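J.: requesting a structural model of the entry that follows:
(one chain, ligands or ions: 1)
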Amino acid sequence: MTSADNLEVNDLANFGKPVTEMFKQPQSPEEWEQYALTEEQLEFFQEYGFLSGIKILTGEQVNWLNEELAEFNPIDKERKKLFYHYESNESEDPNRVLFHAIGGWRAAKGFHDLLWAPAYRMAAYQLMGGSFKLFHDQLFCKPSKHGGVVAWHQDFSYWTFTKPMNHLTCWIGLDNANDDNGCLYYIPGSHKWGLLPVTGLAGDMDAVQKILNQEQLASFNKRKANELPKGYASFHHPLTLHGSYANTSDRSRRAVVINAMGPNTVSNIANYDRLDALKHFPPLGKDGQLLESKFFPLLFDADKELGSLKKTIPILAKTKRNN
Ligand SMILES: O=C(O)CCC(=O)C(=O)O
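T.: Below you'll find the model as predicted:
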């Protein structure tokens with residue numbers, strides 16, 4: 001058996017299960033129950049397109065991830081090759097810095113094992129409405145004083161190289177996040193607007209507004225600040241409009257994101273017009289090919305984990321979720 005420590009370039013994608021003991025796994029279906037979301041929480045997600053305030057990490061786990069994160073930026077050349085995307089500043093403005101990277105789960109044990117955090121897996125299973133796989137992870141980090149924006153966007157605008165749309169984002173704070181240091185914002189109900197085109201991620205915060213109608217623009221008055229203590233998460237629908245303002249405070253604002261997809265997700269690259277952005281992505285195969293490789297591990301198998309308890313744990317019906 002190869003161990004994670006023996007590989008020359010430690011590609012943790014070779015391990016489709018946790019490699020440390022940091023996240024204690026439930027040993028029986030009953031042990032999953034403590035993490036289950038309520039019917040009310042599922043209904044809230046369905047109505048507004050997000051759900052916030054879910055505790056995923058202990059203080060010790062947050063510290064561990066932040067130590068690993070410090071080794072990602074700056075990063076050595078070999079390790080950088082494991083990332084699907086890596087920009088120490090995604091914005092073009094050196095005074096507005098946004099570190100954005102995809103693929104950290106392949107490069108450090110903590111970020112790898114985070115994918116199996118039980119509180120994440122249970123909530124994601126319920127909000128996905130079934131078993132699910134990893135699509136990819138992401139890091140969004142803003143330094144103190146000169147942290148940049150993440151412009152308003154829908155995640156699925158960037159993911160149309162896959163189908164069907166059955167994806168879910170989980171945003172986990174690695175610092176306390178509030179209005180001062182550039183917390184995430186949501187537009188409640190925007191997941192019912194349909195798919196919008198890409199209007200940019202790190203430049204003009206409000207670029208998307210140019211393509212919205214009056215009613216949609218008015219809903220910006222109801223935008224919701226996703227203020228959270230570190231270690232806590234919010235989940236959002238792939239069409240929920242979200243973004244975050246600059247960080248001018250004296251605290252950093254770091255976050256890790258897990259993007260999940262349904263087990264039947266296939267490649268849809270034939271008409272995708274941003275192929276350049278996929279240069280370092282794991283192989284996606286031909287159109288229609290199932291995304292099935294070590295890069296897309298199954299993170300939750302409901303039959304295996306829950307057995308007969310599956311009947312009693314509420315989940316969102318897929319048909320309702322994607323409408
Ligand atoms: O962390 C941020 O500010 C942006 C996060 C984001 O875009 C996402 O979670 O999809």
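
J.: name whatever forms a beta bridge with the residue of the stretch 201-323 of the chain found nearest the ligand.
T.: Closest residue of the stretch 201-323 of the chain to the ligand, C-beta to the nearest ligand atom: Ser244 (3.3 Å). Glycine gets a C-beta too; all of them are placed from N, C-alpha and C. Note on Ser244: beta-bridge partners by DSSP bridges are Val150, Leu184.

J.: show me what the lengthiest strand in the chain is packed up against.
T.: Ranked by residue count under DSSP state E, the longest strand found in the chain is strand 132-142. Packed against strand 132-142 by the contact rule (3 or more C-beta pairs under 8 Å, 6 or more residues apart in numbering; DSSP states H and E) you find strand 99-102, strand 253-261, strand 298-300.

J.: show me which residues of the last one are buried.
T.: So that's strand 298-300. By 16 or more other C-beta atoms under 10 Å, the buried positions in strand 298-300 come out as Leu299, Phe300.

J.: other SSEs contacting it?
T.: The contact analysis (3+ C-beta pairs under 8 Å, 6+ apart) places strand 298-300 against helix 118-128, strand 132-142.

J.: one more time with 10 Å, if that's ok
T.: Contacts defined by 3 or more C-beta pairs under 10 Å, 6 or more residues apart in numbering; DSSP states H and E place strand 298-300 against helix 118-128, strand 132-142, strand 253-261.

J.: gap between the shortest one and the chain center?
T.: Spelled out, it's strand 253-261. 3 Å (C-alpha atoms, centre = their mean, to the nearest Å).

J.: which helix or strand lies directly C-terminal to it?
T.: Moving toward the C-terminus from strand 253-261, the next helix or strand (DSSP states H and E) is strand 266-267.

J.: and the contacts of that next one?
T.: With contacts defined as C-beta atoms under 10 Å, 6 or more residues apart in numbering, strand 266-267 is touched by 161-164, 283-292.

J.: so can I have TSV of the residues you listed showing distance to Lys210, neighbour count and pLDDT?
T.: Below are these laid out as TSV (distance: C-beta to C-beta, whole Å; neighbours: other C-beta atoms under 10 Å; pLDDT from 0 to 100):
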residue	distance to Lys210	neighbour count	pLDDT
Phe161	24	19	98
Thr162	26	20	98
Lys163	27	16	97
Pro164	28	13	97
Pro283	36	10	96
Leu284	31	19	96
Gly285	35	14	95
Lys286	35	9	95
Asp287	31	14	97
Gly288	34	11	97
Gln289	36	13	98
Leu290	37	13	98
Leu291	33	21	98
Glu292	39	14	97
